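# This is a predicted model, with the sequence first.
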Amino acid sequence: MRRSHYGPTRCALCKAESESTVHLFLKCDSVQQVWSNIKPYTNYNGVWNGPDAISAWIDWGNRHKGKKEANLPIVVNWIIWKVRNHVIFDDKPPVWPLIEASIISAYRELPEPPPPKTRRPNPPPIIDQSIPWAFFDGAANAQSCRGGFILHKSSNHSYHIKAGLGAGTNNFAVLISLRHLLHFAISHQCTSINIYGDSQIIINWFNEISICHLHTLRVIFDEVRHLKEAFNHISVAHIYREHNMTADKLSKEAALMDRGTWEITEFLDQQEQKFYHRPYIDPGYPTAGLPHS
């Protein structure tokens, strides 16, 4: 009709109402009768209905998630569409018992969905507490980057740090957080350390498994690689996010912190001391790290 075609606009199946997507696939009495007749042979729950096809599809998918019945609307609507075209272009009236048999047959040919995969729990890292250990993470969105890390000098002495990092990507936030962690560890005489993070990309760069080709991060990475030489022993290993939740939480809590501000919480023998939002100077970015607490 938009293209100035004037012809029948009635539904080709019921001849009672104007044809539309909603009517043909959802409201047509003939189609609703098809759904009712195939129900005993397909064992679906509920009804195929809604204000529009997308809403009906979402509702159906939520009720039949992971089941073979989730694909039934594909079969029904595909065959209904073919029947509708045969009526219009080939002048073939619908034979509903044959249509319903075709739907049931096609549906039964569909394979059963595979059983859901059971996710194996990822083992936590085995921590060697004879030397300091640490966790780090970073986060970024359209407004800001922020970082968080935890340095454990011993089992009863640790530092929790979060910092505002300005604007940048997620890789930028994680790499800067690692840089700050290395500076902080050196300034606290932790020259032997095991570090854990959940960013496989940054860790692969550090361990020289892959190469950092991003020129915007290359300067920062070169400094990280230079800091590596200040340690007698250092390892940076990948862990899964569920085992890095404290660092992840710290980085998210720093969302409202301005670039160049940081907060340290020191835990010593179950005593807590905080240094709130003390600014650090970062001249010649990105050469400076967090200061001494």
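That came through, no problem.
# Next, the buried residues of stretch 156-170.
Across stretch 156-170, burial judged by 16 or more other Cβ atoms under 10 Å covers Ser158, Tyr159, His160, Ile161, Lys162, Ala163, Gly164, Leu165, Gly168. Bear in mind the C-beta positions are built from the backbone N, C-alpha and C, glycine included.
# So, low pLDDT: which residues of the stretch 101-250 of the chain?
The stretch 101-250 of the chain contains no residues with pLDDT under 70.
# export stretch 260-280 as CSV, just CAs?
Below are the C-alpha coordinates for stretch 260-280, written out as CSV (Å, rounded to 0.1, in the frame of the first residue of the first chain):
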residue,chain,number,x,y,z
GLY,A,260,45.5,11.7,41.0
THR,A,261,43.7,10.8,44.2
TRP,A,262,44.1,7.6,46.1
GLU,A,263,43.0,5.9,49.4
ILE,A,264,45.0,3.4,51.4
THR,A,265,43.6,1.3,54.2
GLU,A,266,46.3,-0.5,56.3
PHE,A,267,45.4,-3.6,58.3
LEU,A,268,47.9,-4.5,61.0
ASP,A,269,47.0,-7.2,63.6
GLN,A,270,43.3,-6.6,62.9
GLN,A,271,43.7,-2.9,63.5
GLU,A,272,42.6,-0.6,60.6
GLN,A,273,44.0,2.8,59.6
LYS,A,274,42.8,4.8,56.6
PHE,A,275,44.4,7.6,54.6
TYR,A,276,41.5,9.3,52.7
HIS,A,277,41.9,10.7,49.2
ARG,A,278,45.4,12.0,49.6
PRO,A,279,46.6,13.3,46.3
TYR,A,280,49.7,12.0,44.7
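# let's have the chain start at 31 instead
Got it, the first residue is 31 from now on, which makes the last one we talked about stretch 290-310.
# for that stretch, which positions count as buried?
Neighbour-count burial for stretch 290-310 [16+ other Cβ under 10 Å]: Thr291, Trp292, Glu293, Ile294, Thr295, Glu296.
# Look up how far Asp167 lies from the first one.
When Cβ to Cβ, to the nearest Å is the yardstick, Thr291 and Asp167 sit 18 Å from each other.
# Which helix or strand lies directly C-terminal to the helix or strand hosting Leu181?
Leu181 belongs to strand 175-184 when assigned by DSSP states H and E. Next in sequence after strand 175-184, counting helices and strands by DSSP H and E, comes strand 187-196.
# what angle separates that next one from strand 175-184?
Relative orientation of strand 187-196 versus strand 175-184 (axes from the mean of the first three to the mean of the last three Cα atoms, to 10 degrees): 170 degrees.
# partners of strand 187-196 in the sheet?
strand 175-184 (antiparallel), strand 291-298 (antiparallel) (DSSP bridges).
# Off-centre distance for the last one?
In this case it means strand 291-298. 30 Å (Cα atoms, centre = their mean, to the nearest Å).
# thinking again about what came up before, name the residues of the strand holding Leu181 that come out as buried.
Of the residues in strand 175-184, those buried (16+ other Cβ under 10 Å) are Cys175, Arg176, Gly177, Gly178, Phe179, Ile180, Leu181, His182, Lys183.
# Is it correct that Gln219 falls within a helix?
No. Counting by DSSP: H, G, I helix; E, B strand; the rest coil, Gln219 is not part of a helix but coil.
# number of nearby residues for it?
9 (other Cβ atoms under 10 Å).
# Next, the contact list for it, please.
Shown in contact with Gln219 (Cβ atoms under 8 Å, 6 or more residues apart in numbering): no residues.
# what sits against Ser240?
For Ser240, counting by Cβ under 8 Å, 6+ apart, the contacting residues are Ile231, Asn234.
# and it, that one's in a helix?
No. Remark: Ser240 does not belong to a helix; assigned using three-state DSSP, it is coil.
# ok now do Ile241, which residues does it touch?
Trp235.
# likewise Thr51?
Asp82, Ala83.
# hmm, 6 Å instead?
Going by Cβ atoms under 6 Å, 6 or more residues apart in numbering, Thr51 touches Ala83.
# Next secondary structure after the host helix or strand of Trp90?
Here Trp90, judged by DSSP H and E, is contained in helix 83-93. Following helix 83-93 in sequence order, the next helix or strand is helix 102-120 (DSSP H and E).
# Pull out the buried positions in the next helix-or-strand element following that next one.
Elements were assigned by DSSP H and E; along the chain past helix 102-120, the next helix or strand is helix 126-139. Within helix 126-139, the residues scored as buried using 16+ other Cβ under 10 Å are Ile129, Glu130, Ile133, Ile134, Tyr137.
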